[in-house]
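Student: Fold the following.
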Amino acid sequence: MQTFKKIFWCLNILLVIFTLLVYISPFINPKEIWQFSLFGLFYPFALISNLVFLLFWALQKDKSAFLSLFCILLGFNYIFSFFSVNFSTSKKGITPTKVISYNIGSKKKHIQKGFKKVFEEFLLREDPTIFATQEYPSIEFYDRIPAYKHRVRKGTACLISKTPFLDSGGGVFPNSRNNAYAWADTKIKNKTYRFYSIHFQS
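Tutor: Coordinates of the predicted model:
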């Protein structure tokens with residue numbers, strides 16, 4: 001049992017280190033180290049894993065439980081970033097922010113008769129604040145829709161927005177032409193949010 005606890009303790013330490021990397025990822029400029037920006041996507045996994053370790057040590061009545069407890073409390077604000085908690089029943093005056101991601105997919109769609117018109121109608125009908133696309137060949141297409149004048153494109157990944165970008169960037173993944181990512185920071189209701197459009201290999 002003692003050997004098992006030592007292994008579990010080592011795994012717990014590795015998890016805490018990984019969770020700390022998740023916590024600091026929003027403060028690392030993707031232009032300098034783009035890999036760090038991906039750590040933030042794993043917060044739900046890190047949170048659940050720390051809860052499992054916390055429960056295990058608590059059942060064992062072991063003080064090691066404080067390690068994961070401290071780690072969870074350290075990133076307490078992240079819980080509300082990933083999981084919406086709203087105790088207010090009134091929605092008066094709230095303007096929702098709509099985000100859509102659309103992988104256009106097959107290049108054949110780009111040359112199909114009437115596709116651009118259908119796509120434009122879809123965008124105007126859905127009216128998102130932020131629109132992320134993958135595998136659409138021409139960013140100039142959005143010139144036809146003046147509301148989306150804020151844009152960033154890297155490779156096949158594109159972000160367009162009604163709200164101005166505070167900063168933006170992206171890149172193409174190594175040894176690939178189609179796999180790319182674009183990101184942009186924008187302010188919505190006095191808060192700064194970072195959005196991604198990412199195309200992985202399929």
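
Student: Any figure for the gap between Cys71 and Ile7?
Tutor: Per CB to CB, to the nearest Å, Cys71 is found 19 Å from Ile7. Backbone N, C-alpha and C define where each C-beta goes, glycine included.

Student: So for those two, which residue has more residues nearby?
Tutor: Using other CB atoms under 10 Å, the more surrounded residue of Cys71 and Ile7 is Cys71, with 22 against 10.

Student: and Asn190, how many residues sit next to it?
Tutor: Neighbours of Asn190 (other CB under 10 Å): 5.

Student: following the lowest-mean-pLDDT helix or strand in the chain, which helix or strand shows up next?
Tutor: Here the helix or strand of the chain ranked lowest by mean pLDDT, DSSP states H and E is helix 108-111, holding a mean of 53. Downstream of helix 108-111, the first helix or strand assigned by DSSP states H and E is helix 115-126.

Student: buried residues in the next helix or strand after that following helix?
Tutor: For helix 115-126, the following helix or strand on the C-terminal side (DSSP H and E) is strand 130-134. For strand 130-134, the neighbour count (16 or more other CB atoms under 10 Å) marks Ile130, Phe131, Ala132, Thr133, Gln134 as buried.

Student: Now the last one. Nearest residue, chain neighbours left out?
Tutor: The spatial neighbour of Gln134 that comes closest, neighbours along the chain excluded (CB to CB, 6 or more residues apart in numbering), is His199 at 4.0 Å.

Student: just the first one next, same as before
Tutor: Closest residue in space to Ile130, ignoring its immediate chain neighbours: Val99 at 4.5 Å, by CB to CB, 6+ apart.

Student: how far does the helix ranked longest in the chain sit from the chain's center?
Tutor: If you go by DSSP state H, the chain has its longest helix at helix 2-24. For helix 2-24, the separation from the chain centroid amounts to 24 Å (computed by CA atoms, centre = their mean, to the nearest Å).

Student: Does anything pack onto it? Which helices or strands?
Tutor: Helices and strands touching helix 2-24, by 3 or more CB pairs under 8 Å, 6 or more residues apart in numbering; DSSP states H and E, are helix 43-59, helix 65-74.
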